[in-house]
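Asker: Starting from these lines, generate the structure:
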Amino acid sequence: MEYVLDKELVDDVKSGRIKDLGSSMNPDIENILLQHPDVIMLSPYETSGGFGLLEKTNIPLVECADYMENSPLAQAEWIRFYGLLFNKLATADSIFAEVESNYLNLKTLVSGIDNKPTLLANSLTGAQWYMPTGNSTAGKFYVDAGFDFLFNHLQTYGTVPLNFEKVFATAYNADYWIVKYNRDKDYDLQSFAAEHPNYKDFKAFKDKNIYFCNLSYIPYYDETPFRPDLLLRDLIKISHPELLQDYSLRYFTKVQ
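Answerer: Purely as a prediction, here's the structure:
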């Protein structure tokens, strides 16, 4: 629960209405059995080799693989699966139809625009820069928002680890830079540059065109998997602000 920001969920955990059953990597099997669940819903890992002791409980395991989808709407459509599971399919269908319509309408806003600003995403984690690829959900978001995503040519799935030199050679002249992070204190440009002195050599840094999202208190991952339209609106506001003049960013902040 340490990464969940939804107040209702957090309050239910604190009150004991929702039980803490350990982490996904180290589930509390004894406590799980005491709850007598009908099913266990979990996120599968492609190379995990199974679910260990959970498979021996004889409780049906429901694999929730929405995060493995490689497009925003495909990921969001999993709400229909959860609706079916909880006998709320009509409600889920209605929610997804609205989200899909919103997303496609926003995508159409930028579809005919030739001027596509270049984009760099993420930052170093240790010695590696985990870069979204053209086949990743993040990469699809950036393209749908009207960016020229500079790593769109990478056609594997998810992210790929790159060294700083590779990223800099490709994106030193990027118009915009989007960074998500999780830390107690927000970045400003000075504290961000202190993480790696060569960040200052990127054009986006010099032009102060960096947009930050602090995941420690912004509900980015709580909301965007099933509301990709909200994220796309933010990204279009960054790439082509003239198209959404009356809209204020929900997830990102431009730091001076």
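Asker: give me the number of residues near N182?
Answerer: As a burial measure, N182 scores 13 neighbours (other C-beta atoms under 10 Å). Glycine gets a C-beta too; all of them are placed from N, C-alpha and C.
Asker: no wait, N152
Answerer: A total of 18 residues lie near N152 under the criterion other C-beta under 10 Å.
Asker: If I follow the layout properly, it ends up in contact with G134?
Answerer: Yes - counting by C-beta atoms under 8 Å, N152 touches G134, with 4.1 Å between them.
Asker: shared neighbours, these two?
Answerer: Common neighbours of N152 and G134, counting by C-beta atoms under 8 Å, 6 or more residues apart in numbering, are V143.
Asker: mind listing what P60 touches?
Answerer: So P60 contacts D38, V39, I40 (C-beta under 8 Å, 6+ apart).
Asker: can I get the residues you listed in TSV with secondary structure?
Answerer: Formatted as TSV, those follow (DSSP: H, G, I helix; E, B strand; the rest coil):
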residue	secondary structure
D38	coil
V39	coil
I40	strand
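Asker: Which members of those residues are classed as buried?
Answerer: Buried members of the contacts of P60, scored by 16 or more other C-beta atoms under 10 Å, are I40.
Asker: so which of the contacts of P60 comes closest to T253?
Answerer: Ranked by distance to T253 (C-beta to C-beta), these are led by I40 at 38.0 Å.
Asker: Tell me if I'm right that the closest one and N58 touch.
Answerer: No - I40 is beyond contact range of N58, at 10.6 Å (criterion: C-beta under 8 Å).
Asker: check contacts around the residue nearest in space to the middle of the chain.
Answerer: In the chain, the C-alpha nearest the mean C-alpha coordinate belongs to Y221, at 5.4 Å (C-alpha atoms, centre = their mean). Residues near Y221 by C-beta under 8 Å, 6+ apart: Y3, L215.
Asker: can we see that at 7 Å?
Answerer: Residues in contact with Y221, defined by C-beta atoms under 7 Å, 6 or more residues apart in numbering, are L215.
Asker: Check which helix or strand it maps to.
Answerer: helix 220-223 (DSSP states H and E).
Asker: Okay, buried residues for that helix please.
Answerer: Result for helix 220-223 [16+ other C-beta under 10 Å]: buried residues Y220, E223.
Asker: ditto for stretch 152-164
Answerer: Residues of stretch 152-164 classed as buried by neighbour count (16+ other C-beta under 10 Å): N152, L154, Y157, G158, T159, V160, L162.
Asker: outside of that stretch, which residues touch it?
Answerer: Around stretch 152-164, the neighbours that count as contacts under C-beta under 7 Å, 6+ apart are 70, 124, 127-136, 139, 143, 198.
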